[in-house]
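Asker: quick one, fold the following:
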Amino acid sequence: MTLSELTGSQWILLLLCGLLIGIAKTGVPGFGILVVPLMAMIFPASASTGILLGMLITADIFAAIYYRYSAQWKLILQLLPGTIIGVVAAAALMKSVNDSLLGKLIGIVVLVMLAGRYAANLLPAGTRQNLDALRTHWSIATLFGSMAGFTSMLANAAGPVMTLYLLSLGLDKKRFVGLNAWYFFLLNWLKVPFSAGQNLMNKHSLIIDAATFPAIAIGALLGVWLLNKLPQKVFEIVVTALTAAAAVKLLLSH
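Answerer: Presented below is the predicted three-dimensional model:
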C-alpha cells in the first residue's frame, strides 16, 4: 500500500500511531499499547511490521538525543549479547512461528513476572536485597535481552518484557526512560538488515514513515512534558498498569 491509497480515516489512525509512539519513547513506555492493533487496521501484517519499525526508529532518535546523559551503559552492554542472540534466532524462525501463540506466551510470562514482582515486595528486607543483587547479574540481563530481541523481531512485542526488567531495577524515571530509549534505539537498528532482507522495509514503507515524522515529533515533545509532570511513584504505577494491560492484550490476541 502507498500513501496515495490511504483513506482519510487511515491517515488519522496512522498519525495517531505516530503521536503515541513519540509519547511512549520519550515519556511513558507502554503508551504505545494500541499502536500494533491500530497499524494492523491500516496495513497488511507484513507491511505493518516494516512501516512500524521505521516509525519506532524515528522516535528512538528523538529519545536517544534527549536522554543522551541518562543512558545506563553498563546495563545496556549487559543486555546486548542476549539481544543479538534473540534477534538472530527470531529472524531464522520468523516464517515458522505462530504470532498469536507467541503473543499469548509473552502475555502469560509478563503477568507471572508482575505477580512475582509484587510478591517479592512482601519478602523480608534481607531477602529483597539478595534479589536486587541478582537482578543486575549478567545472566539475568542476558535472559531478558534475549527475550526482548526475540519478541521484538517477531512481533514488536518487547516493550512489556523490557519494561518489567527495568521496573525491577528501581531506576528513577529519567534513568528508566533513558536506558529504555538507548536500548531500543540499538535493538531496532539491529533489526533493520533482517527486515530489509525480507522486504519488510522498502522504499514504500520509508515514504510512509517520513509522512509520520511531524506526528512523532509532536508526540516526543508531549512525552517529555508528561514525564516532567509525573511524580516518580505515579510514573511507576502508570508504567506497571500499562505493562499489565499490554500483557492482557497479548494474552487475548487471536
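Asker: tell me which other helices or strands whichever strand or helix holds residue 14 touches.
Answerer: If you go by DSSP states H and E, residue 14 is part of helix 8-26. For helix 8-26, the elements it packs on are helix 35-42, helix 45-66, helix 173-197, helix 213-229, judged by 3 or more C-beta pairs under 8 Å, 6 or more residues apart in numbering; DSSP states H and E. The way it works is simple: take the backbone N, C-alpha and C, and place the C-beta from them, glycine included.
Asker: with distance to residue 155 and mean neighbour count added, can I get those in JSON lines?
Answerer: As requested, the helices and strands packed on helix 8-26 are exported to JSON lines (distance: least, C-beta to C-beta, whole Å; neighbours: other C-beta atoms under 10 Å):
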{"stretch": "helix 35-42", "distance to residue 155": "8", "mean neighbour count": "17"}
{"stretch": "helix 45-66", "distance to residue 155": "8", "mean neighbour count": "21"}
{"stretch": "helix 173-197", "distance to residue 155": "12", "mean neighbour count": "20"}
{"stretch": "helix 213-229", "distance to residue 155": "21", "mean neighbour count": "18"}
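Asker: next SSE downstream of the least confident helix or strand in the chain by mean pLDDT?
Answerer: When each helix and strand of the chain is scored by mean pLDDT, DSSP states H and E, helix 125-135 comes last, with a mean of 52. Using DSSP H and E, the next helix or strand after helix 125-135 towards the C-terminus is helix 138-155.
Asker: kindly export that next one (C-alpha atoms) in PDB.
Answerer: C-alpha atoms of helix 138-155 as PDB (Å, rounded to 0.1, in the frame of the first residue of the first chain):
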ATOM      1  CA  TRP A 138      24.800 -10.500  33.700                       C
ATOM      2  CA  SER A 139      22.900 -13.800  33.400                       C
ATOM      3  CA  ILE A 140      19.600 -12.100  34.200                       C
ATOM      4  CA  ALA A 141      20.400  -9.300  31.800                       C
ATOM      5  CA  THR A 142      21.200 -11.900  29.100                       C
ATOM      6  CA  LEU A 143      17.900 -13.700  29.700                       C
ATOM      7  CA  PHE A 144      15.800 -10.500  29.400                       C
ATOM      8  CA  GLY A 145      17.900  -9.300  26.500                       C
ATOM      9  CA  SER A 146      17.300 -12.500  24.500                       C
ATOM     10  CA  MET A 147      13.600 -12.400  25.300                       C
ATOM     11  CA  ALA A 148      13.300  -8.800  24.200                       C
ATOM     12  CA  GLY A 149      15.300  -9.400  21.000                       C
ATOM     13  CA  PHE A 150      13.300 -12.400  20.100                       C
ATOM     14  CA  THR A 151       9.800 -10.900  20.800                       C
ATOM     15  CA  SER A 152      10.800  -7.600  19.200                       C
ATOM     16  CA  MET A 153      11.900  -9.200  15.900                       C
ATOM     17  CA  LEU A 154       8.900 -11.400  15.600                       C
ATOM     18  CA  ALA A 155       6.100  -9.300  16.900                       C
END
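Asker: in that helix, which residues are buried?
Answerer: Neighbour counts over helix 138-155 (16 or more other C-beta atoms under 10 Å) mark 140-142, 144-155 as buried.
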